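>>> quick one, what's the 3D model for this:
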Amino acid sequence: MLKLSNLKLVYKGLILVAVPLLFELAFVAIFLLLKHQAESEVAAAEKSKLIIASAHAIPAAGVSTLNRLLLYGMRRTEEARQAYYDYRGTVPQKERALFELIKDNPLQRENFQAAVKSQEKVLAYFDSGARTIDEHGLQAVLMLNSISEKTAEMLYEGTAAWAKVVEEEEKKTHLRAATESRAVVDYWLYGGVLLNVLLAVALVHFFSREIARKIAVLVENSKRLVTKEPLSTIIAGSDEISQLDSSFHQLAEELAEAESKERTMVDNAADVICSLDSSGRIIRINPIVKMNWGYGVNELIGRRLLELVSKEDSVNFEQATDRLKSDQTDTTLELRLYRQDQSLIDILLSMHWSAPDQTFICVCHDVTRRKELERMKRQFVATVTHDLRSPLTGILFTTGLLVEGAYGEITERAGKEIAAVEDAVTQMLDLINNLLFVEKLESGKMQIKFKNVSLLRLLGKVTALLSSTLERQAVQLTVPETDLEACVDEEKLSRVFVNLVLNAARVSAPRSEIRIAIEQKEGMVEASVFDQGPALPDSFGSVIFDRVKRLDSTLSDLPRSTRLGLVLCREIVELHGGRIGVESLQSGPGSRFWFTVPGKS
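Down below sits the predicted model:
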């Protein structure tokens, strides 16, 4: 059997509305029936009253007619005579009115007909008296006493006849029934309203108590979920609240499982993960801190993370936390902090501010090794710059003097060997210069100074700079006559042209041509360097500019300086907001290296 507590809320609500409504409809129907019955009884009672009044009024009209006859006999005026006939005419009118009221009642019709016959005798006698007065004049006055006596007898007989009509109406119970009907209607009205209110209150109390009990359990479970206490037993039933409580228990189980997994991940993470309160005190930290920082978990709980940060980075840390709480945007910063043995380590700190919990979530990634590698790289670059580039420049200067005959005549074979040395030293210097450029780009020290530059003048400088190198390799460089300008950093763009031309020279055969083309496209300037070297596969269009990609054996003999120079070209072009690429020529051997930079501003 279906229990009411198991009904869905929509059905409970339907019962709560439908039952009082149905009761109200039944009550209204009964009330309307009783009201109609009472109205019928009242109408019948009013009709009976009217019949009784009419039955009394007819004998009274006969007496009034007699009085007018006697007055006429005494006065014998036309006015008195007319008054008699006026009153005499009201009697039939009253009879007809009464007949309309009782014509549906056979017994009353018999009583009425008998009373009318008696009344007609009286009226006929009155008319006879009136004629006598008209004919005999004063002699008729002497007859008034005998007329009155006989008339009284006839009026008594007529009144007795009309009394039967009254008596018959008075036997009816319309008046008493009308009063009782009104009482019954009042009883049903007040009783029905009271019962309907009591029924509605009972239903509301029953359902609200059941719903309130279940909601109270849900509220209690919500509090227990927050405080991580065991939840109450699942609410029995199949209504929406019971289903919600079941889903709530399932959610609590999934949250507990997720929290367990999260705790396992945090406890086994390689990075230090901690939670800080709004004042920066550590409220939770994973056990890996013992290995990474040398502190035990209990040693750090309650301490401010700022106490471990070096003095040089403490201001940055405080500013970062204040900014994070205000704009609630995750932030990352590098800082140094002290291990338990007071040694400094470098960490990359990623912080997230949880406003509802008023806590910072911090992930501390140890970058000490990376910082050491960066320091070693800077030292290497400095060594290359100061200890390697200067001797190479000296070697290149000396070979130039030898070629020019400053130290005497040299043989043809010696000249070729010296030229080979110059090429090797030039490649090495080019590699070093590109390496220094890349280092500046990666360290963020490279600044772009935009200005409008004449490309014709810039290409003239590039041609002059590369003339000796191209002459040794027997390669011809052709530049266009152009009046275009570009909004670029002149020094950086010269480096792009130099690297692309040197790249073309190294892959081109002797006595071949390298051609530069310039054109304007949609607000950008596109420069192209055409060579006559081996064609490049289409797949190399993107990887050739990425130094972390490896090319296949077809171009494995490209000098490292060439690869690094192309990487540098891409970085400089992208800093200008342009693009760079390469494509094989369809008309013959060779490739086209192209790039775009902003046009004249």
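
>>> extract the C-alpha set from stretch 498-507 and format it as PDB.
Extracted C-alpha coordinates of stretch 498-507, given in PDB (Å, rounded to 0.1, in the frame of the first residue of the first chain):
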ATOM      1  CA  VAL A 498      72.800  39.300 -43.400                       C
ATOM      2  CA  ASN A 499      71.800  35.900 -42.000                       C
ATOM      3  CA  LEU A 500      69.500  35.000 -44.900                       C
ATOM      4  CA  VAL A 501      72.100  36.100 -47.500                       C
ATOM      5  CA  LEU A 502      74.900  34.200 -45.800                       C
ATOM      6  CA  ASN A 503      72.600  31.200 -45.600                       C
ATOM      7  CA  ALA A 504      71.900  31.500 -49.400                       C
ATOM      8  CA  ALA A 505      75.600  31.900 -50.100                       C
ATOM      9  CA  ARG A 506      76.600  28.800 -48.200                       C
ATOM     10  CA  VAL A 507      74.100  26.600 -50.100                       C
END
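
>>> pretty sure Ser64 belongs to a helix, no?
Yes. Under DSSP: H, G, I helix; E, B strand; the rest coil, Ser64 falls within a helix.

>>> what segments of the stretch 101-250 of the chain are helices?
For the stretch 101-250 of the chain, the helices defined by DSSP state H, counting those that start in this stretch cover 106-136, 144-171, 174-226, 240-267.

>>> where among these is the average confidence lowest?
Mean pLDDT is lowest for helix 144-171 among these, at a mean of 59.

>>> pull out the buried positions in stretch 106-124.
108, 111-112, 114-116, 118-119, 122-123 (16 or more other CB atoms under 10 Å). Any C-beta I mention is one placed from the backbone N, CA and C, and that applies to glycine too.

>>> dump those residues to TSV, plus distance to Met428.
Below are those laid out as TSV (distance: CB to CB, whole Å):
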residue	distance to Met428
Gln108	145
Asn111	151
Phe112	149
Ala114	156
Ala115	154
Val116	154
Ser118	159
Gln119	156
Val122	161
Leu123	160
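
>>> ok, these vs Ala29, which is closest?
Distance to Ala29 across the buried residues of stretch 106-124 (CB to CB) is lowest for Gln108, with 35.2 Å.

>>> excluding chain neighbours, what is closest to the closest one?
Spatial nearest neighbour of Gln108, chain neighbours left out: Ile102 (3.9 Å); criterion: CB to CB, 6 or more residues apart in numbering.

>>> ok, the one you found touching Phe112?
Yes. Here Ile102 lies in contact with Phe112, judged by CB atoms under 8 Å, at a distance of 5.8 Å.

>>> before we move on, the earlier item: contacts only, for the residue nearest to Gln108.
Applying CB atoms under 8 Å, 6 or more residues apart in numbering to Ile102 gives the contacts 51, 108-109, 112, 165.

>>> among those residues, which pair sits farthest apart?
Ile51 and Arg109, at 12.1 Å, using CB to CB across the contacts of Ile102.

>>> remind me which helix or strand Asp423 belongs to.
Per DSSP states H and E: Asp423 is located in helix 412-443.

>>> quick one: list the elements packing against that helix.
The contact analysis (3 or more CB pairs under 8 Å, 6 or more residues apart in numbering; DSSP states H and E) places helix 412-443 against helix 368-383, helix 389-404, helix 455-472, helix 490-507, helix 560-575.

>>> wait, which of the ones you listed is closest to Asn67?
Across the helices and strands packed on helix 412-443, Asn67 has its closest neighbour in helix 560-575 (134.3 Å, CB to CB).

>>> angle of the closest one against helix 412-443?
Between the axes of helix 560-575 and helix 412-443, defined by axes from the mean of the first three to the mean of the last three CA atoms, to 10 degrees, the angle is 40 degrees.

>>> can you give the contact residues for helix 560-575?
Helix 560-575 is contacted from outside by 427-428, 430-431, 434-435, 437-438, 441, 446, 448, 492-493, 495-496, 499-500, 502-503, 506, 544-547, 579-580, 595-597, using CB under 8 Å, 6+ apart.

>>> let's verify the residue minimising distance to the centre of the chain: helix, strand, or coil?
Nearest to the mean C-alpha position of the chain, counting by CA atoms, centre = their mean, stands Pro356 at 20.1 Å. What three-state DSSP gives for Pro356 is coil.

>>> ok now do it, which residues does it touch?
Per CB under 8 Å, 6+ apart, neighbours of Pro356: none.

>>> how close does Glu100 sit to Gln93?
11 Å (CB to CB, to the nearest Å).

>>> again with Ser54
Distance of Ser54 to Gln93, given as CB to CB: 11 Å.

>>> same question, Leu402
If you go by CB to CB, the gap between Leu402 and Gln93 works out to 163 Å.

>>> more neighbours, those two?
Leu402 (17 against 11; other CB atoms under 10 Å).

>>> need the pLDDT of the closest residue to that one other than its chain neighbours.
Closest residue to Leu402 apart from its sequence neighbours, by CB to CB, 6+ apart: Ile418 at 5.4 Å. Looking at Ile418, its pLDDT stands at 77.

>>> between the buried residues of stretch 106-124, which is nearest Ser260?
Gln108 (99.6 Å).

>>> from Ile51, how far out is the closest one?
Noted for Gln108: a distance of 8 Å to Ile51, by CB to CB.

>>> follow-up on the earlier one: what's around the residue nearest to Leu402, how many residues?
By the criterion of other CB under 10 Å, Ile418 has 16 neighbours.

>>> and it, how far from Gly405?
Relative to Gly405, Ile418 is positioned 11 Å away (CB to CB).

>>> now swap in Phe248 and tell me
Taking CB to CB, one finds Phe248 at 97 Å from Gly405.

>>> tell me which of these two has more neighbours.
Phe248 (18 against 9).

>>> what sits against that one?
Taking CB under 8 Å, 6+ apart as the test, what Phe248 contacts is 218, 221-222, 225, 231.

>>> would you turn the residues you listed into a markdown table with distance to Phe397 and neighbour count?
Converted to a markdown table, the contacts of Phe248 look like this (distance: CB to CB, whole Å; neighbours: other CB atoms under 10 Å):
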| residue | distance to Phe397 | neighbour count |
| --- | --- | --- |
| Leu218 | 89 | 15 |
| Asn221 | 86 | 21 |
| Ser222 | 83 | 13 |
| Leu225 | 80 | 17 |
| Leu231 | 85 | 16 |
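
>>> just give me the closest of these to Glu312.
Within those, distances to Glu312 taken as CB to CB reach their minimum at Leu225, with 44.6 Å.

>>> and the closest one, what is it in contact with?
Contact analysis of Leu225 by CB under 8 Å, 6+ apart lists 231, 248, 252, 255.

>>> and the last one, how many residues sit next to it?
Neighbourhood size, Leu255 [other CB under 10 Å]: 12.

>>> ditto for Ser454
By other CB under 10 Å, neighbour count at Ser454 equals 15.

>>> just checking, Tyr295 is part of a strand?
No. Using three-state DSSP, the assignment for Tyr295 is coil, not a strand.

>>> leaving out sequence neighbours, find the closest residue to it.
Gln340 (5.1 Å).

>>> and Gly280, by the same measure?
Arg304 (4.8 Å).

>>> need the phi and psi values for the one you found.
Phi and psi for Arg304, reported as degrees, to the nearest 10, are phi -80, psi 140.

>>> show me what contacts it?
Arg304 sits next to 279-282 when contact means CB under 8 Å, 6+ apart.

>>> most neighbours, which of the residues you listed?
Busiest of the contacts of Arg304 [other CB under 10 Å] is Ile282, holding 23 neighbours.

>>> correct me, but that one touches Val272?
No. Ile282 is not in contact with Val272 according to CB under 8 Å; the separation is 10.4 Å.

>>> related to what we said a few turns ago, can you say which of the contacts of helix 560-575 are buried?
Buried among the contacts of helix 560-575 (16+ other CB under 10 Å): 427-428, 430-431, 434-435, 437-438, 441, 446, 492-493, 495-496, 499-500, 502-503, 506, 544-545, 580, 595-597.
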